[in-house]
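Novice: when you get a sec, could you give me coordinates for this:
(3 chains)
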Amino acid sequence: MNSGPLLDIRNLSTHYVSAQGSRVVRAVDDVSLRIDAGETLGIVGESGSGKSTLALSILRVLPPAARIVAGRMLFEGEDLVEKSDAEMRQVRGKRIAMILQDPMASLNPLFTIGNQVAEPIQVHEGAKRRSAWQRARELLRAVRIPAPETRVGQYPHEMSGGMRQRIVGAIGISCEPRLLIADEPTTSLDLTIQAQYLKLLRDLQKEHGLALIFITHNLGIVAKMCDRLAVMYAGRIVEAGSVSTIFNAPAHPYTEALLNSIPRMSEGRERLTAIDGQPPDLSALPPGCAFAARCPRAMPRCGVEAPPEFHTGEDHRARCWLAAPDAAQSPLALPAEGRRGFA
Amino acid sequence: MSDLITSPAGDNPLMPPAGAAWGRSIGPALRVLRRPMPRFILRRSGYALVSLFLLSLTIFFFVRVTGDPAALLVEPGASPGDIAAIHHQFGLDRPLWVQYWLFMTSLAQGDLGQSFYYQVPVMSLYLSRLPNSVALAAVAMLFSLVIGIPAGILASVHVGRFWDSVGKLFTLLGLSMPSFWIGLLMILFFSVYLGWLPSSGAAGPVVLGASIDPAHMIMPAFALGWYFAAAHMRLTRSSMLEVLGSEYIKLARIKGLPQSLVIAKHAFKNALIPVLTLAGINLVLMINVAVVVETVFAWPGIGRLLYEGIAFRDFPVVQGVVIMGGAMIVIVNLLIDIVYAVIDPRIRLGS
Amino acid sequence: MTIRADIATLATPTSRFAAIRRYRAGDYPVLPLLILGIITFLAIFAGQLAPHNPEVGVLADRFRPPFWLAGGSAKYLLGTDQLGRDVLSRLIFGARISMIVGFTAVIFAGAVGTVLGIVSGYLGGWVDQVIMRLTDTWLALPALTFAIFLAAIVGPSMWNIVIILGITYWTRYARVIRGEVLSLKEREFVRLAIVAGCSKRTIMLRHILPNVVNSAIVLGSLMLGVVIIAEATLSFLGVGVPPPQPAWGLMLADGKEGLMVGYWWLTVFPGGCIMLLVLSANLLGDWLRVKLDPQLRQL
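Specialist: Here you go, the predicted model:
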């Protein structure tokens, strides 16, 4: 086993450049993250904050307009940024897998389930069709699809949304990856199916010793699923640390606002809409902190100078002047009753 | 057509509710007529009948509104007495609705009148020429697909770059060069200067009523297929771009499949469906718009027949070819829609 | 918002360069406009510019090649045809025919199609049903064959061709304009006009029509090429512009006679002119579509 972290992302920046080169969207900007083997990392942020681009950057399956412009991604000691396309193909699906948001759209309508589940096994392990299909049946059983023998021969439209998402999960784990990235895998499922699916993911993680990156905008799910958490805002990680630390004492006003916006009574999938204002235009970021315009505790300095990352504790960092060691105010002291219900 | 492909399952009345197994839900025979599918076929056939009716009405109307049809029905240089006789013979002195009734009843019996020039029924003349047109259109279609589909894929994979620009130029030329001019240039080059290919006519063994001879077919097929190659390329490109942007292509990449497999297996098969649908419609169109190409190359198809009809002032032939062309297109459109409706719920495209 | 973003990006030197380049050349279709300009100029001043009478030739000078070939002379720069008529002069006068037929037929088709599209889309109901059934039937016919049929029954003449092409191609406008009207109908300003008590006629004329004009212009520019090719085809088949008028399609039909003995200039020049004109019209149409089509412009 490798002694270091499984994946260590250092100062990664991914930008979208328009056709004329006149617009640059800093979708991921100077992001550093690490995840250890077997661990679950949650990445939280509003839509458009760069979460999905970050996930696609890790696998290097970005749309043509996007470029990784800086940074390193050390996966088991190898830098993914430096790899050739052919080498990267050996990583995708085999060592790092990903589950996409929309289960209804992520299966090809013209091929059978068995074909699509067996495909990565055939490609990555050179398995013969017969044995790959046998494995596909086992995988379907592992994701608790009833009657896998008949299901392999069926087409995606013959399955429900929940089943399709499990199949996408089965494709994800088909080659025993070390890391599984799940990009909002439950947003389009209804609540009971959502709970079942999260349990399935946790079970799979335990059985296979997977590390899991869980991208979501639902802090309730993070509380249930994740060990550590990174909060993204306008392409940057504004706060990262263990889930318990952040939930009990958030260091960034944005995280605090997110936590406050969770409805107390239900742990549904309500959107994060409780924060006033709009996220900034990523192609024209303000000079200072990107959150300053919406921040209830903004100081004059925030509009001028972007805060660097401050370490506020062991494995806890935040990009906020309030977290600076020399900050006049004490770190955000929060009323304890506001944090009930989160472990 | 594209609506059928892209609409989500819930919006499409043809689709069974999501998750229902199509095969299992077919009930006893009595319930069949209440199912959406036969109702759709009935309604769509009704539309086709209305279209055929409007088609006959249009042609009938235009012939009578633009002058004395008797002048078209007699050979040039006929005396006033002959014209009066024709008036009586064809019932042109009777009320319009009676005339239309006569026109329709003979049409319904497959009677398109008698050719002045050939002195045979127009229908048998038409049917004797049709196989040649179908054969020419088939070769032209093959050519347009063999050029258009790979070019469209190439352009979509290199979107915004060199090969895409080359493709764009090719499309523009395809849409801007009249097919008969291409035909003339090819005759000039391959027949006159190089002497490789015969410039006109048809020869070779006759299969199912059509002359099959590559040497005589290659130039007219190219001239006819050129425009359609550009159209097929354009649709392949846009269809591929749509598919390449889909989630399942993203997933195929995420699985670590090689680019060739992503394009050839996952993208191509999905992108091909609208292209083949268009090709089906275009094949019928090719049969019917080949008039100039067939004229340039003296290819004995229905287009050439139409030209001869014009040149010899053989009005029944001209009218017959136009009626048959319109009817063929209406009927083929109907068939394509029905086939689509039959296969669509099963593969549930775009869901 | 996009304007502000553009100003912001203009501040960086590289993008300023890109912006200048974009506005200088890329923003206007220079080449198509130039070609269309030249052809229009030739068409207008054909009488002054053409060196010879386009319809009368010198039989002694028949089948002269262009001036740079052996047997050619500066008297007939692009050679002569089977009746000894000057090809260049015929091409110049042919531009006039193509432009007149192209523009008038497009405008005629556009007027009919736009009116029917607006009426069909705005009134809805049985009016819509009737017009759209008719449009569908018409669209199903192979347009060119139908035009040939009409031309064959009314007899060849330039203005007949204009009318025939107009009634052959109005359907494309009707379909598109109707679709636009259906969405315009749901917009606030139309509802306000209804509430304000405007008559249907006023709403269609004052509120709907100005909003579909752009689409009609874009369609028209794209149809121009189609119509010009259609006219050339009809003339080529002998049901279009009657001889001895110098229509380009007619010139190609005449040129067929000399083709087999290698008199290439009778085929290459008229066809090349058709191609240049249609190509320019198509390029201009594509550009207009991006510039004027509200749906594309919003992107």
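Novice: what residues does the stretch 101-250 of chain A put near chain B?
Specialist: Contact residues (CB under 8 Å from any CB of the partner chain) of the stretch 101-250 of chain A with chain B: A:101-102, A:104-111, A:119-120, A:123-124, A:155-160, A:168, A:171. All C-beta atoms are positioned from the backbone trio N, CA, C, and that covers glycine.
Novice: which of those are buried, as a ChimeraX select command?
Specialist: Buried residues within these, by 16 or more other CB atoms under 10 Å in any protein chain shown, are selected in ChimeraX with:
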select /A:101,102,104,105,106,107,108,109,110,111,119,120,123,124,155,156,157,158,159,168,171
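Novice: let me see the contact set for the residue in chain C that chain B sits nearest to.
Specialist: Among all residues of chain C, C:Gly271 sits closest to chain B, at 3.6 Å; criterion: CB to the nearest CB. C:Gly271 makes contacts with B:Met177, B:Pro178, B:Trp181, B:Leu184, B:Leu185, C:Trp248, C:Leu252, as judged by CB atoms under 8 Å, 6 or more residues apart in numbering or on different chains.
Novice: can you give me the helices for the chain?
Specialist: Using chain A. Along chain A, counting by DSSP state H, helices occupy A:51-59, A:85-91, A:113-125, A:129-142, A:148-151, A:161-173, A:191-208, A:219-225, A:243-248, A:253-260.
Novice: hm, I was asking about chain C
Specialist: Along chain C, the segments classed as helices by DSSP H run C:2-10, C:13-21, C:30-44, C:46-49, C:87-123, C:125-140, C:143-154, C:158-184, C:188-195, C:200-202, C:209-237, C:248-259, C:265-292, C:294-297.
Novice: the first one - what's its average pLDDT?
Specialist: By that I understand helix C:2-10. The predicted model gives helix C:2-10 an average pLDDT of 33.
Novice: just the element for B:Phe103, please.
Specialist: Taking DSSP states H and E as the definition, one finds B:Phe103 inside helix B:96-108.
Novice: buried residues in that helix, which are they?
Specialist: Those would be B:Gln99, B:Phe103, B:Leu107, for helix B:96-108 by 16+ other CB under 10 Å.
Novice: Throw these into TSV and include pLDDT, thanks.
Specialist: As requested, the buried residues of helix B:96-108 are exported to TSV (pLDDT from 0 to 100):
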residue	pLDDT
B:Gln99	80
B:Phe103	82
B:Leu107	85
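Novice: check what pLDDT A:Ala170 gets.
Specialist: Predicted confidence (pLDDT) for A:Ala170: 88.
Novice: packing partners of the regular element (helix or strand) spanning B:Ser56?
Specialist: Element membership for B:Ser56, per DSSP H and E: helix B:36-65. With contacts taken as 3 or more CB pairs under 8 Å, 6 or more residues apart in numbering or on different chains; DSSP states H and E, helix B:36-65 sits against helix B:96-108, helix B:315-347, helix C:125-140, helix C:143-154.
Novice: possible to save the buried residues of helix B:96-108 as JSON lines with distance to chain A?
Specialist: Below are these laid out as JSON lines (distance: CB to the nearest CB, whole Å):
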{"residue": "B:Gln99", "distance to chain A": "53"}
{"residue": "B:Phe103", "distance to chain A": "48"}
{"residue": "B:Leu107", "distance to chain A": "43"}
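Novice: phi first, then psi, for B:Gln114.
Specialist: Dihedral pair for B:Gln114: phi -110, psi 130, per degrees, to the nearest 10.
Novice: residues touching it, list them.
Specialist: B:Val120, B:Pro121, B:Val122, B:Pro316.
Novice: who does it bridge with?
Specialist: Applying DSSP bridges to B:Gln114 gives these bridge partners: B:Pro121.
Novice: please report the distance of it from B:Gly152.
Specialist: Using CB to CB, to the nearest Å, B:Gln114 is found at 47 Å from B:Gly152.
Novice: likewise for B:Met123?
Specialist: Relative to B:Gly152, B:Met123 is positioned 39 Å away (CB to CB).
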